[in-house]
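1. Sequence first, predicted model second:
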Amino acid sequence: MRLSNLAKSLKSGQRDDFAKRIWRLEKEGKKIFHLDIGDPDFDTPKHIIEAAVKSLRSGDTHYDVAGGTRDFRKAIAKSVKKELGFLPEEEQILIGPSPMLIYFLLQCVADKGDEVIVGDPAYARFYSLLNLLGLKPEPVVLKEREGFRMNPDRVREKITKRTRLVIMNSPHNPTGAVMTKKENEQLFRLARKYNFLILSDEVYGKLIYSGQHYSPGVNDHCRSNVVILNSFSKAYAMTGWRLGYLVGPKELMKKVEVLIRNTIFSLPVFIQKAGISALLGSDKFLKKTVVDYKKRRNILVAGLNRLPGVKCAMPDGALYVFPNIRGTGLSSREFVNFMLEKAGVALSAGTEFGREGEGFIRVSFTVSMKDIQEAVKRMEAVLQNKNFQYARKN
């Protein structure tokens, strides 16, 4: 079969290969503790499911407009007003699966060879989509001593005439870092001065455990230099629903909407009804899960800091911790392979998120407290094992 050059360039990443290994071990009957993925262990709240079921039963099974129903966009606007203090117009809002929206947005703001500034480490899909589109990633190192926040001064050093976009993510995947108000304002001023766009990934914006979530979108109400990306996956335990949204300048959103219309056409109305219920319904679920996640985070960080050779800072948000494992003498990939084989614990290598992730691992706290404690106990046992100590020295 003859494949296109694009198809030939497609390769599975570290995560794909590692997932296959986990699957094989589980198929053989081995118990694996999954601290590797950010899929909440909570079920989607009942009122959200019921809204979708009611919509299906009422006949909402047909095409709708590409940008989203007016009711859904109004609900999103109301949510933005409540959380960020400004009310976007309906024409500024588009809905769809978040990765797809990122892909379409990139196509609409940059041409092949243009530069996109992105953190290192960062959400792995950013890099894969940039490479797929022939865009040039310009990594900005997120330093451990600075809390892994994106430093505006370091961003400024990367700006050139071909800079089209800066991707910022707060709260941050994989580190849990939360950008300050001052840092948000500084990045926005750079965007205005050098005429580029900020894609502000705020998927974890509702999952804050200390401090406050800030958005650069408050500076221009997403009318000129900022596009906000958000999703229902993490906050509402809706990873399987594939539901997210953009808020951005109207002219740009019109172009992204054309791509939506010519690919998936529109999202199912019943899924949009579920989204409305999530935004406008009871917030008891969200409040409860934030409390639960904070407890899990605290237990996990304390446990990891007991491990020989491991140092773990306390993240302010998101669903992950990003411990430094250099003291073990193992690389990131060696560490996660070792823990999978010897402890039955699945983790994510820091290098899945960029070169600067070497020496770190990402650990998710989207599993029960019991599983977190057992996983840490198993890791501690293998790290303290005499055979491991001997192997590390030799």
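-> Received the coordinates, thanks.
2. who touches the longest helix seen in the chain?
-> Scanning the chain for the longest helix, with DSSP state H as the assignment, gives helix 284-304. Identification of contacts with helix 284-304 by C-beta atoms under 8 Å, 6 or more residues apart in numbering yields 40, 42, 45, 206-209, 235-237, 310, 312-315, 319, 321, 323, 363, 365, 367, 369, 372-373, 376-377, 380. In short, each C-beta sits where N, CA and C put it, glycine included.
3. what about the most centrally placed residue in the chain, which SS state?
-> Nearest to the mean C-alpha position of the chain, by C-alpha atoms, centre = their mean, lies Asn173 at 4.9 Å. Three-state call for Asn173 (DSSP: H, G, I helix; E, B strand; the rest coil): coil.
4. Nearest spatial neighbour of it, chain-adjacent residues omitted?
-> Leaving aside its chain neighbours, Asn173 sits nearest to Tyr123 (4.9 Å; criterion: C-beta to C-beta, 6 or more residues apart in numbering).
5. Next: Ser210.
-> Going by C-beta to C-beta, 6+ apart, Ser210 has Asp316 as its nearest residue, at 5.0 Å.
6. mind listing what the one you found touches?
-> Pro171, Gly176, Ala177, Val178, Ile208, Tyr209, Ser210, Gly211.
7. Give me the nearest residue to Leu197, chain neighbours excluded.
-> Leu165 (5.0 Å).
8. what's the neighbour count on the one you found?
-> Leu165: 22 surrounding residues under other C-beta atoms under 10 Å.
9. Sketch out the low-pLDDT regions of the stretch 1-150 of the chain for me.
-> Scanning the stretch 1-150 of the chain with the threshold set as pLDDT under 70 gives 14.
10. Pull the distance from the host helix or strand of Leu279 to the chain's centre.
-> Using DSSP states H and E, Leu279 sits within helix 269-280. Helix 269-280 sits 21 Å away from the centroid of its parent chain (C-alpha atoms, centre = their mean, to the nearest Å).
11. Number the chain from 35, please
-> Yes, from this point I'll number from 35; that puts the last item at helix 303-314.
12. mean confidence score for that helix?
-> The average pLDDT within helix 303-314 is 98.
13. May I see the buried residues of it?
-> Val303, Phe304, Ile305, Gln306, Lys307, Ala308, Gly309, Ile310, Ser311, Ala312, Leu313 (16 or more other C-beta atoms under 10 Å).
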